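Asks: just coords:
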């Protein structure tokens, strides 16, 4: 079994590229003992909070880390999950800020972002004066669940949008791993508009380089390939490929209770998968400019829920239609 490489969270390019000899790696893998859940029981989830990240194990094996601060504890521009490991320990996502030759430094493994919040860019990356999704604190980080409070900043760092983000980690009966992401958004002062832009994904994933080289995009309608999946509506979208000759994939499921369900998808053959209901003016040129704008009035809130499936095998083998049905019916 290939064990994925643990890397501590940091917001600095080039830091911690290779941590194979780092004591933290040793501690992390030592904790990942051969702990197997008894037959019929779901593997246990363990969270361990540190200065910069919350490490996640499933069934005694490393799964991911929720990175929320730099090594000194200062909030990152945007929290993200990295690495994300398949059930056999293979690393299936990429942090483009740290990756050699990374092409989109704002593509950080698994993250939440939007390119136009009242005109403020919370998608791309600028070295100076980048508005933050500022980590305020955790109201829960135990069992299988993290609940985090964040404030999305305006152009002058004032709070623009408040978010309560919940992450739940689990394993499916077939061995695949899952992450439930729920975000509640509430304006901090005055109404907030999520602008019409393709550069967005309230649930976004960038896959590992080797997986992307052989990537196949598939959605719930049966469509395949970027041309047929990008900007199209579907209840789920998957990106699958091979790493060292073995098949892996990641799917995002859009909950039927979400606004504008089924979601549109900002899905790219080079390895990007993002759920984006806002880019209507980009996805279909027949739509007028701004037709994807989505406004939340002061005193109101909106909730988005997604389920991320990390699987071995292709999209068909992952049985995503059944997994979506289970997600839709779950309380």
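Replies: Structure's in. What do you need? Bear in mind the structure is a predicted one, so any value in this text is a computation, not a measurement.
Asks: quick check: mean pLDDT across whichever strand or helix holds residue 67?
Replies: Secondary structure from DSSP states H and E places residue 67 in strand 61-69. Taken as a whole, strand 61-69 has a mean pLDDT of 96.
Asks: What residues sit buried inside that strand?
Replies: 61-69 (16 or more other CB atoms under 10 Å). The way it works is simple: take the backbone N, C-alpha and C, and place the C-beta from them, glycine included.
Asks: measure residue 87 to residue 187 for me?
Replies: 40 Å (CB to CB, to the nearest Å).
Asks: typo on my end, it should be residue 91
Replies: For residue 91, the distance to residue 187 - CB to CB - is 37 Å.
Asks: quick one, which of those two is more surrounded?
Replies: Neighbour totals were compared for residue 91 and residue 187, and residue 91 leads with 25 against 21 (other CB atoms under 10 Å).
Asks: give the contact list for residue 262.
Replies: The contact partners of residue 262, by CB atoms under 8 Å, 6 or more residues apart in numbering, come to 220, 233-235, 254, 256.
Asks: just residue 232 next, same as before
Replies: Counting by CB under 8 Å, 6+ apart, the residues that residue 232 touches are 219, 221, 223, 264-265, 283.
Asks: Any idea what the closest residue to residue 138 other than its chain neighbours is bridged to?
Replies: Among residues not flanking residue 138 along the chain, residue 148 sits closest, at 5.4 Å (CB to CB, 6 or more residues apart in numbering). With DSSP bridges as the criterion, residue 148 is bridged to residue 138, residue 165.
Asks: if I pick residue 148, what's in contact with it?
Replies: So, once contact is read as CB under 8 Å, 6+ apart, residue 148 ends up touching 68, 79, 135-139, 164-167.
Asks: now these: which count as buried?
Replies: Judged by 16+ other CB under 10 Å, buried ones among the contacts of residue 148: 68, 79, 135, 138, 164-167.
Asks: before we move on, the earlier item: if we take the contacts of residue 262, which one ends up nearest to residue 202?
Replies: The shortest approach to residue 202 among the contacts of residue 262 belongs to residue 254, at 10.0 Å (CB to CB).
Asks: Of the contacts of residue 232 - the most surrounded one?
Replies: residue 265 (28 neighbours).
Asks: chain center to stretch 53-71, what's the gap?
Replies: Averaging C-alpha positions (CA atoms, centre = their mean, to the nearest Å) puts stretch 53-71 14 Å from its chain's average.
Asks: Run through the neighbouring helices and strands of the strand holding residue 67.
Replies: Packing partners of strand 61-69 (3 or more CB pairs under 8 Å, 6 or more residues apart in numbering; DSSP states H and E): strand 53-58, strand 75-84, strand 159-171.
Asks: least reliable of those going by mean pLDDT?
Replies: Taking mean pLDDT as the measure, strand 75-84 is lowest among the helices and strands packed on strand 61-69, coming in at a mean of 94.
Asks: Who does it pair with, and is each partner parallel or antiparallel?
Replies: strand 61-69 (antiparallel), strand 110-117 (antiparallel).
Asks: can you pull out the helices in the stretch 1-150 of the chain?
Replies: 23-31 (DSSP state H, counting those that start in this stretch).
Asks: What values do phi and psi take at residue 284?
Replies: Main-chain torsions, residue 284, degrees, to the nearest 10: phi -140, psi 110.
Asks: I'd say it and residue 198 touch.
Replies: No - the pair residue 284 / residue 198 is not scored as a contact, 11.1 Å apart, by CB atoms under 8 Å.
Asks: shared neighbours, those two?
Replies: By CB under 8 Å, 6+ apart, the residues touching both residue 284 and residue 198 are residue 231.
Asks: Check which helix or strand residue 227 maps to.
Replies: Going by DSSP H and E, residue 227 is part of helix 226-229.
Asks: tell me which strands and helices that helix is in contact with?
Replies: Here helix 226-229 touches strand 216-219, strand 265-268, going by 3+ CB pairs under 8 Å, 6+ apart.
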